[in-house]
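Engineer: My questions are about this predicted structure, shown below with the sequence.
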Amino acid sequence: MRKTASTTVPVHPLLAERWSPRGFDQAHELGEDSLTALLEAARWAPSAQNSQPWRFLVTRRGEEAHGWLFTALAPGNQAWAGTASALILVTACTAADGRQQPWALYDTGQAVAALVTQAQADGLAVHQMGGFDAAAVRAQFGLGDTLTPVVILAIGRPGSSADLPESLAARETAPRTRHPVTDLLLPARTSRDLAAA
């Protein structure tokens, strides 16, 4: 299924055609080369002082770790995420060598964006989920205090929405929407402008 974004000017097809499906091909398996390409794309994302704070816990469908990660998902995500080929926990290393890394979350987001774009180029889909029990994930996988769980990625080949609950299947076919660019812009007023008003 294609759900190309409606943009006011053309953007690259990898960006315009990216969306977050819930319907995945249950027969698809994420091969080593495909996984490595995704992780390489993330590895080369920009980061503050080249700190590269992102860390990934990769689990494939059928593995014990995948089952543990799946149980940490919110019930609404469990309704569909089990059909994805892999679940990847993304964490940010927020401190290193006794110093805080204030840009770790931002940099980790950039790494995920690069991974998602690579997936799109490779015919894969990624659905990013914030709905999960971070404390349970931290305890289950022994994450240290400096690793902050950020998001879980469901990755696989897009599939049919026929196996989804009715409410989710309807969302799969609904048009994509976004705020207009004008709603995203802040006025360039300075404190001097505000004082004069």
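Structural biologist: Yes, it's here.

Engineer: so where do the helices sit in this structure?
Structural biologist: For the chain, the helices defined by DSSP state H occupy 13-16, 32-43, 64-71, 75-81, 104-121, 134-140, 166-173, 181-184, 191-196.

Engineer: Any regions of this structure where pLDDT drops low?
Structural biologist: 161-162 (pLDDT under 70).

Engineer: If we use 80, what do you get?
Structural biologist: For the chain, the stretches with pLDDT under 80 are 1, 160-174, 191-194, 196-197.

Engineer: what's the nearest residue to the most centrally placed residue in it if we skip its chain neighbours?
Structural biologist: The residue lying closest to the centre of the chain (C-alpha atoms, centre = their mean) is Q128, at 3.4 Å. Distances taken as C-beta to C-beta, 6 or more residues apart in numbering put V151 closest to Q128, at 5.1 Å, once the chain neighbours are dropped. Just so you know, the C-beta spots here come from the backbone N, C-alpha and C atoms, and that holds for glycine as well.

Engineer: contacting residues around that neighbour?
Structural biologist: Shown in contact with V151 (C-beta atoms under 8 Å, 6 or more residues apart in numbering): V90, V112, Q128, M129, G130.

Engineer: Give the buried subset of those as a ChimeraX selection command.
Structural biologist: To isolate the buried subset of the contacts of V151 in ChimeraX, counting by 16 or more other C-beta atoms under 10 Å, use the following:
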select :90,112,128,129
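
Engineer: Let me know the closest of the contacts of V151 to A41.
Structural biologist: Among the contacts of V151, V112 lies closest to A41 (C-beta to C-beta), at 9.9 Å.

Engineer: The closest one and R99, how far apart?
Structural biologist: 23 Å (C-beta to C-beta, to the nearest Å).

Engineer: again with A113
Structural biologist: 25 Å.

Engineer: out of those two, which sits in the busier spot?
Structural biologist: Using other C-beta atoms under 10 Å as the criterion, A113 and R99 rank with A113 on top: 16 against 8.

Engineer: Name the nearest residue to the more buried one, ignoring sequence neighbours.
Structural biologist: Spatial nearest neighbour of A113, chain neighbours left out: A45 (7.3 Å); criterion: C-beta to C-beta, 6+ apart.

Engineer: Measure how buried the one you found is and give me the count.
Structural biologist: A45 has 18 neighbours, counted by other C-beta under 10 Å.

Engineer: just checking, it touches A114?
Structural biologist: Yes. Counting by C-beta atoms under 8 Å, A45 touches A114, with 4.4 Å between them.

Engineer: for this structure, which strand is longest?
Structural biologist: As assigned by DSSP state E, the longest strand anywhere in the chain is strand 147-156.

Engineer: Mind listing the strands that strand pairs with, and their directions?
Structural biologist: Neighbouring strands of strand 147-156 in its sheet, by DSSP bridges, are strand 86-93 (antiparallel), strand 125-129 (antiparallel).

Engineer: Of the ones you listed, flag the one that's most buried.
Structural biologist: Mean neighbours per residue, mean count of other C-beta atoms under 10 Å, is largest over these for strand 86-93, with a mean of 24.
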